[in-house]
Every structure is written in C-alpha cells, then in structure tokens.
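Q: A predicted structure for the sequence below; I have some questions about it.
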2 protein chains.
Amino acid sequence: MNQIAAADQEVIGTLNKGLGALEKPGTAEEIAQLGWNLLNEDLSLPAAVLYRDRLQHNLNWMQRFIDAYGVKLAPHGKTTMAPRLFKMQLDGGAWGITLATPHQAAVAHAHGVHRVLMANQLVGRQNMRLIANLLEDRDFVFYCLVDSAENVDQLGAFFHERGLRLKVLLELGVMGGRCGVRDDGQMQRVLQALNRWKSAVDLCGVELYEGVLKDEENIRAFLRRACEVTNWLIAEDLIERKPALISGAGSAWYDVVAEEFHSAGFGSKVEIVLRPGCYLTHDVGNYEMQQKRILKSNSVARQMRSGLIPALHIWTYVQSVPEPELAVVEMGRRDAAFDSGLPAPTLHFRPGDEIPRATPTHWEVTKLMDQHGYLKIAPGDNVRVGDLVGFNISHPCLTFDKWRVIPIVDEKYNVVDLVKTYF
Amino acid sequence: MNQIAAADQEVIGTLNKGLGALEKPGTAEEIAQLGWNLLNEDLSLPAAVLYRDRLQHNLNWMQRFIDAYGVKLAPHGKTTMAPRLFKMQLDGGAWGITLATPHQAAVAHAHGVHRVLMANQLVGRQNMRLIANLLEDRDFVFYCLVDSAENVDQLGAFFHERGLRLKVLLELGVMGGRCGVRDDGQMQRVLQALNRWKSAVDLCGVELYEGVLKDEENIRAFLRRACEVTNWLIAEDLIERKPALISGAGSAWYDVVAEEFHSAGFGSKVEIVLRPGCYLTHDVGNYEMQQKRILKSNSVARQMRSGLIPALHIWTYVQSVPEPELAVVEMGRRDAAFDSGLPAPTLHFRPGDEIPRATPTHWEVTKLMDQHGYLKIAPGDNVRVGDLVGFNISHPCLTFDKWRVIPIVDEKYNVVDLVKTYF
C-alpha cells in the first residue's frame, strides 16, 4: 500500500546537529544499532528527541477519533516534513497526507506517498512544472486549491499544454481571513473559469481553513456555509468527483469540523477529509489549551478517556550559572519554536543519576537568543554546569523545521530510530 | 591556504526547496550550468536569493574597515552556516571563523576551515568528544570560552584523559547579561581551576559579547573592563598565548569595539579579533539602523563613503488577492525571519516584463503564518495572482537557517552559484 522504501534507504550524513559523532554516513537502521542513549550523553546536545510510545499513543488517539466520526484523515505533513512519520500515519490508517507547497508534495511523492492534498494554491511556472512531473506517475493522486479565475486560467493553460488533468478544490474564505473566495461573485468567476478549462482542470470539491477564525460560533457558521456550497455544487452537477470532497480542520478545531461536517448528513455523496497535523507530537502551548477544550466539550473525545500527550522534547545542557537566578542553556531560536510561547522546562538530569527528575515548577525560560536560552531559577537551586534539561515546546511546526534529523527514543532514552526532515 | 575542496564537491539533492526541478543530484557548479534565471521563473518559489555583487561589496567593505583598525576579523559563521561563504570570507582576508556550537565547528572543519573561535562554552561529553576529534588534526586551531570553575574542571578532566590541550578564552559578562564572569570572585575561581588543569587547558585571552547591552556608554565601560582584565592577566603571566587574544563584537557594535580595543594601545602584546557575522548580507532591520549610526559616528566608516547593502532577498508569488487591500503571498515563518521585524517588499515583477520595478511604498507585510504572508496593498493597485515579489529581510541569522540551498544570482538574476547551509 504505502511502501516508503526510499525512506528506509536514506543516508544520514555526519554533519547533522543533535546526533552523536558518526564516523561515516549511515541509514537510520544502522545508526539505531550504535546503542546511543540520551542519558549516557551519547548525543551532542542540544537535540530534539521524539518519544516512540507517545507518538504511537497520539497516532492511535487521532485515528480512533477520526474513525468514530466516519471521516478521513489527511494529516498535515508540513508540521513534521518527516517521511518516516508520514509512513507511520499512513500505516495507521490515514487516507493521505496534506501538504502546503509543491516542494513538500515532491518530497512526499519521492517517499512513496500516493495521495496528497495540497491545501494551498498552485502558482508559478516552475511550481506547476514540479506538480506536472509528479502527475506523470499515474498512481499519484493530487488535489490543490483554487480561489481566483486568474489562477484557474493559468493552471488550465499550463496543464492543458502538458496534456494532464489537475484536480482542484474550491477554497472558501472569510473577510479578514487568508485565501479563499469571500462571496458568491468571486465564486461564480472561479466557476466560469473552471468551465473554460474543462479540458484540464477538474473541480473535486470544497475546502476551507477554519483556523483563521478565533471564535467557535463564527467557525461553525463558516463550516455550515461550506456544507451548503458543497450541496449546491453537487445539485448543479459542477463537481467531477463522485463522491465530492469536503475538507477542513487545522490542529485546533478538528473536533468542531468533525461535528459540523458529520451532522450535515451528506451520506455517500461526500467524502469528508480532516487535516490536523500537530496532534502527532502535541505541545504544551496553544494545542494543549485546545485539547482541554476538546476533552471537555466533545462527546467522542470524552469517551476516549485520554488525550494527546507531548511527544517532542528539546534536550540541552546548562552551560553557565552566572547569577543566583539565571542558568544559561544551550538552546536558542535555532532550536525551538518561540512564536507562540517559549519552551517549558520539564525534566532535569545530572550525568550519573539514574533517571531524570521533574524540574522545579518555578523554573522558566524567560528569553531565547539565536543559540542561547535564559532559564530563570531560584537562589540555591541544585543546578550545575553540565546538567541536562529537557524542555517541552509550544508549536511543533516551527520546532520541527529547526532539525534535519531527529532521534526517536524508547522509555529508557535509547535511540531506537531516527527521522530525517525535508524543509 | 583555505582550500575548501570538500565544499566544491558537495552534492545538492533533488528535494531542496527554492530550486528548479532537478532530474538528478548535482554540484553547485553543475547546477549553475543549467541556465536558471529567477525572472524566467526557473526557480520554484519561495526562494532565498543572494546577490553576488552585493555580497562582494559587503565582504570588501568589512575587510577594509577591519584593516583600517589593524585588527583581525573572525566573522560569525553561525549567521550563514554556509561553508562556501566561509571560504569567500577567508579568501577575502578573514583570520578565522567564529562559531557557536561544536556541531558548527565540526561543519567548518569538514570544509577546510583551519581556525575556529567558538564564542561559547564547551559542555557535555559528546560535545567535548566532537571537538577532541577535530583537535586530532594538528593543523586545526580552536578556541572556546570558559566562565566557571565547574566547566574548567570538566574540560580539564576530559582533555587530560584524551592527551589533548584545549585553548580557552576567559569570558567576561555583565549583570543581567548572558554568560561570562560577573565579578573578580568568579574570575578568581576560574583562574584557580585553570591553574589545576595546566596539563590540559591553556588560557589564551579574554572574550566578551557586548551585544547583551543596549547602551553605548555601558558598552564602552564593559570594553574598557575587558582591556584592563587583559592587561592584568598579561602582567600576571597567566596567559599562555603570546600575543594574548582579546575578542568582542557582534554585528551591531563592531565599530565601538574596534575603537575601544584599538585605543587601548596594546601594541604587539595583544591580538584583537572582531566577530561580526551579519555584515555579509546585511538587512533592512536592526542592522540597517546600526549601520546608519556607524556611518554617522565612526570616522573610518565615514571615510569609506559607502555602507553595507542588503544582499539577501526572499522572492515569492502572489497567490491570492481576495480583498481589495490584501494580497496573500507564498512566504511564511518557514521562509523568513520574523523576530525583529517582518520582511519588507522591495521589488515587483510580472512574468513577461523586462525588469522588476520598485514596489509601492505603501505595500507592507502585516502578518506571517507558517507558510503564508499577508501583504497589505491599496484598492486598485496593479497586482495579480502569479506576480513575483522580492522582499528584503530583517535578521539574516534566522532567515538563513530556513534554507538548505541558496542560489547566488548576478545582476541579471541568472543563477551563477549555489551555497549549501548546515544548520
């Protein structure tokens, strides 16, 4: 099915940060045989570390949630851009992988992903060419978004000339939002353009990204508009694909999207595809807040009796304790997201100890520079240069993209696998 | 001298963002032969683009500035992490390359850099091992910083056991700053530890990073303290290296550091090393502001009759114009720094035009999401889906680290070279 053979043969070079010293390049399988252990200081910190058990838990959790609604999951792959994680998601039951750019789609295709929803417009000659090259592979299914007649005309001309057909979804948007048609007038112009390019462009359904709205009531109204538009397009026989596709859901409001699309009662006429991406590693910032809301308000999530758990840490060293209330750690804006909350210390380990202990609750990251972090401590805290500290993160997307290779560890901190990223 | 043969043979893979479609991996030289041109839409945008002439101008400017003060330049390589740019800097007269982490030092060494100043503490078993492995190459000269007895003891024990000698600089710091000894008591404890580890650790001089201070008067006082400490250490014969090293200067206050260290009148007893990194590409944010100050207040810079110029752009497409005052562009937090000012539109090009024109001054990026940018326009502006827009950036360091390969173009936007980065 989703064989990602290429990924297994990928070579990891000797010059990636956050690994141990490598005498020569090797595959993930070969490197996992080296017996590296985080607590044994076999990694050159700072390192990003994924926890195998927690990844698996989150993977199962989301698939169960999705299955309970009878919808499809196309996890947003832009979060991790790690084909080995795409494979885990596909093997776990995902319908396809969502991506944001032609480059990302090309990475997925090169690693054996057969179905990509590019939740974005396809613009520009070389970008269209990248996608056209992928479409020469007849086993590869690809959808992208359209929201303007101009773009449809450009796509029509390009793909007609290449003798290829492109599948598109109509993107709906809201005033003050990002992309997407705002009103019926814009939608009609897109539909007219699609009518001009029947030779090359197939309308397959409707898409929206509700995450541009902050308020549940507006989000539900936006989702209902999408359901109405979908029903109308089907009634007018303007959608080539049977069943039609409808897709929404970022990582924050997937529960509300599942509820609304499910209760629209489409039956077999419509296939519903949700696209959360951050669930795989979760975080302790915005997504933890959203998860609390979901566990409280969503009946399916409530019945599951567990939630998503943070599966990604940044581990690093204390490098200096120059003031009674300041420890400087080797972790900066090059290592962790800082755009929606700073990393949060969670584990403290001194080489020679048995296991990490929880960090005191008063420890806090107050600032990140490019390569350094300021950790606020209290006078007299037992902290030394050379101690290891593990940090939870906020915003997985902007943490993953700072790492080219990320070790996966077991519950004893042994490195049992590694994933390469392609940002 | 600084032959970076390895870099010239480095292969660029087919799955990097911001390049054209590649049928197979190739070297920079091979890819530069493909005849790619930015305005011909041969690159898959968004792409980061370096301008050859402007890089060369900035390189020459800084070397002339440095030479005028009779000091040495060790550009901070963490900014670009591009060994081909390190080579340009070394060929242009740089004394060595400054770096921030053992991983970065290993990257530089692997590409033929022979002298590295790691302006940071060396902490942790695997990090020490990485550096010890480099020191087995007797042609490689390496300095790092110490600011605690604990760290000196750890380094001493490790390098003594490996039978290697480690060169260190004493880091000075200020209250409320980052690393570095705050007072004489801390300094004395470090010196006592150095005395314990004469078998393995050589004190070679003094270092500070003045950029943690925001105010010129405090910076000058900090620099004078460093000069006094250096003179005292020399007088006490505590510095192994003859001449002693003194090093300071980030990318904002290098002029003030040059003035203060120069006017200390060290003569042949001390070698002065400055470490700016962002000058190579410059920006239109904080470093432009600092440059204005320097051109106004520094006599050497005034005589040079020119300043640094921005040499790095992000180019991308307009993908949607859904509202009269909003164009959405394909450029997000994954593509450009956003921590000290958002990218600033500068050039607008419509495929088929001769050359780009300046963007209207009222265009402005108001928000970046992970993969999208919001460009504020005015109703009726001549902007279309498929147009190219070039953006200046603020903060080169956090822009470079979002790109694995960056094309260098000539004045006609032909791709004439490419640099790989190693973040």
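A: Sure, I can see it.

Q: need the helix or strand of chain A with the lowest average pLDDT.
A: Least confident element among the helices and strands of chain A, by mean pLDDT, DSSP states H and E: helix A:5-8 (a mean of 46).

Q: packing partners of the next helix-or-strand element following that helix?
A: As assigned by DSSP states H and E, the chain's next helix or strand after helix A:5-8 is strand A:11-12. Of the remaining helices and strands, those touching strand A:11-12 by 3 or more CB pairs under 8 Å, 6 or more residues apart in numbering or on different chains; DSSP states H and E are strand A:26-27. Where you see a C-beta, it was placed from the backbone N, CA and C, and this is true even at glycine.

Q: what about the strand it packs on, average pLDDT?
A: What strand A:26-27 shows for mean pLDDT is 95.

Q: and what of stretch A:347-357?
A: 97.

Q: buried stuff in that stretch?
A: For stretch A:347-357, a neighbour-count test (16 or more other CB atoms under 10 Å in any protein chain shown) marks A:347, A:348, A:349, A:356 as buried.

Q: for those residues, give me JSON lines that also has distance to chain B.
A: Putting the buried residues of stretch A:347-357 into JSON lines (distance: CB to the nearest CB, whole Å) gives the following:
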{"residue": "A:347", "distance to chain B": "16"}
{"residue": "A:348", "distance to chain B": "15"}
{"residue": "A:349", "distance to chain B": "12"}
{"residue": "A:356", "distance to chain B": "15"}
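
Q: which ones are touching the residue sitting furthest away from the middle of chain A?
A: Note on chain A: the largest C-alpha distance from the chain mean falls to residue A:380, namely 40.7 Å (CA atoms, centre = their mean). Counting by CB atoms under 8 Å, 6 or more residues apart in numbering or on different chains, residue A:380 makes contact with residue A:324.

Q: how much space between it and chain B?
A: Residue A:380 is 16 Å from chain B, where distance means CB to the nearest CB, to the nearest Å.

Q: sec struct for that residue, please.
A: At residue A:380 the chain is in coil, as set by DSSP: H, G, I helix; E, B strand; the rest coil.

Q: then residue A:130?
A: Quick answer, by three-state DSSP: residue A:130 is helix.

Q: what's the closest non-adjacent residue to it?
A: residue A:102 (4.3 Å; CB to CB, 6 or more residues apart in numbering or on different chains).

Q: burial measure for that neighbour, as a count.
A: Number of residues near residue A:102 (other CB atoms under 10 Å in any protein chain shown) recorded here: 29.

Q: returning to that earlier point: would you mind giving the buried residues of stretch A:347-357 as CSV with secondary structure added?
A: Converted to CSV, the buried residues of stretch A:347-357 look like this (three-state DSSP):
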residue, secondary structure
A:347, strand
A:348, strand
A:349, strand
A:356, coil
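
Q: tell me the contacts of the residue nearest to residue A:130?
A: Counted by CB under 8 Å, 6+ apart, residue A:102 has contacts A:118, A:122, A:127, A:128, A:130, A:131, B:44.

Q: show me which residues of the stretch 251-400 of chain A are close to chain B?
A: For the stretch 251-400 of chain A, the residues in contact with chain B (CB under 8 Å from any CB of the partner chain) are A:317-323, A:328, A:330, A:333-334, A:338-339, A:351, A:369-372, A:374, A:384-386, A:388, A:397-398.

Q: of those residues, buried ones?
A: Buried, going by 16+ other CB under 10 Å: A:317-323, A:328, A:330, A:333-334, A:338-339, A:369-372, A:374, A:385-386, A:388, A:397-398, out of these.

Q: in helices, which of those appear?
A: A:397, A:398 (DSSP state H).

Q: got the CA positions of the longest strand belonging to chain A in CSV?
A: Criterion DSSP state E: the longest strand present in chain A is strand A:312-323. The C-alpha trace of strand A:312-323 is given here as CSV (Å, rounded to 0.1, in the frame of the first residue of the first chain):
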residue,chain,number,x,y,z
LEU,A,312,8.7,16.1,21.4
HIS,A,313,11.4,17.5,23.7
ILE,A,314,14.4,19.6,23.3
TRP,A,315,17.2,18.4,25.5
THR,A,316,20.3,20.5,26.2
TYR,A,317,22.9,21.5,28.8
VAL,A,318,23.2,24.1,31.4
GLN,A,319,26.3,25.9,30.2
SER,A,320,26.6,28.7,32.8
VAL,A,321,25.1,29.7,36.1
PRO,A,322,26.5,33.2,36.3
GLU,A,323,23.8,34.7,38.6
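
Q: what residue ranges in the stretch 301-423 of chain A score low on pLDDT?
A: Nowhere does the stretch 301-423 of chain A drop to pLDDT under 70.

Q: and the strands in it?
A: With DSSP state E, counting those that start in this stretch as the criterion, the stretch 301-423 of chain A has strands at A:312-323, A:326-329, A:344-349, A:357-358, A:364-368, A:373-376, A:388-392, A:405-409, A:415-420.

Q: quick one: closest of the ones you listed to residue B:343.
A: With CB to CB as the criterion, residue B:343 lies closest to strand A:364-368 of the strands of the stretch 301-423 of chain A, at 20.6 Å.

Q: okay, the angle between that closest one and strand A:388-392?
A: 90 degrees (axes from the mean of the first three to the mean of the last three CA atoms, to 10 degrees).

Q: how big is the angle separating strand A:364-368 from strand A:344-349?
A: Going by the same axes, to 10 degrees, strand A:364-368 makes 110 degrees with strand A:344-349.

Q: sheet partners, orientation included, of strand A:364-368?
A: strand A:373-376 (antiparallel) (DSSP bridges).
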